[in-house]
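1. A predicted structure for the sequence below; I have some questions about it.
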Amino acid sequence: MGLFGFLHHNKADKLSRNVDRRAALLRRDGCPLSLERLETGVPGLPIADGDHLAKHVLSADVEAGVTRLSRVEWYAWPDEARELGVQLGSIEDDLAAAISGIRHAPHLRTDLSHVVAQREGDDRADGARAWLAVMPLTKTGRTPKYPVEIYFTTMGGHDATGSHGTVCYLRDGRMGKVDVMYVGRSMSYEAAWRMHDQRLAPAWVYSYDLKSGAQTSVWRA
């Protein structure tokens, strides 16, 4: 086998064993969705303070043989997901106006109208959904610039197209940064919004050819 082959083989075996041990740890200590109280202290969020189904996401320390809480994901109720969709629709209107002069400008829209409530006791969430995570304090103990992030996907099950992304909220409840990927059958588009003069504005759009893998800049502010 040779020394290089022997070392590579042993490294691969160890990696495989660690992956298996990590999966076993997470299965052993996995927590189903449970109804819990969300309190962010951030006003005006589409996912408001109150009772929500929550998922305790764990990370595994393979060497110590233990799992630790990594983060908590709080799931939106259907009406809250629709409200998030309204917020996204507003900034997507701004993007449509910005790129209207481009030939064959893509139609980039997020539809969160078909989100359904997750079920208590499920091991994981599935289908179109939106969920919130509270960001930890900074190393100096300060509240981060974006204390709350909301994630969403319109994809799940048999839906191979749609959109998914992240909305970062400022301390006053305004959207401060947004990134969305719009997945099509042959082309996908990545769009971003950033703060400009104290207002969230479209920043750029990239396209991805799913057959060739080519990336192209479609538009930049």
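-> Yes, it's here.
2. give me the element Ser207 is part of.
-> Assigned by DSSP states H and E, Ser207 belongs to strand 199-209.
3. what's the following helix or strand past that strand in contact with?
-> Once the chain leaves strand 199-209, the next helix or strand it forms, by DSSP H and E, is strand 215-220. For strand 215-220, the surrounding residues in contact (Cβ atoms under 8 Å, 6 or more residues apart in numbering) are 98-99, 102, 105-106, 189, 202-209. For the C-beta atoms, the positions are set from N, CA and C on the backbone; glycine is no exception.
4. whichever of the residues you listed end up buried, select them in ChimeraX.
-> Restricted to buried positions by 16 or more other Cβ atoms under 10 Å, the ChimeraX selection for these reads:
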select :98,99,106,189,202,203,205,206,207,208
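5. nearest to Val148, out of the contacts of strand 215-220: which one, please.
-> The nearest member of the contacts of strand 215-220 to Val148, counting by Cβ to Cβ, is Ala203 at 20.5 Å.
6. and that closest one, what does it touch?
-> Applying Cβ under 8 Å, 6+ apart, we find Ala203 in contact with Ala192, Trp193, Arg194, His196, Arg220, Ala221.
7. switch the contacts of strand 215-220 over to CSV; also include pLDDT.
-> Putting the contacts of strand 215-220 into CSV (pLDDT from 0 to 100) gives the following:
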residue, pLDDT
Ala98, 97
Ile99, 97
Ile102, 94
Ala105, 93
Pro106, 95
Tyr189, 98
Pro202, 98
Ala203, 98
Trp204, 98
Val205, 98
Tyr206, 98
Ser207, 97
Tyr208, 97
Asp209, 96
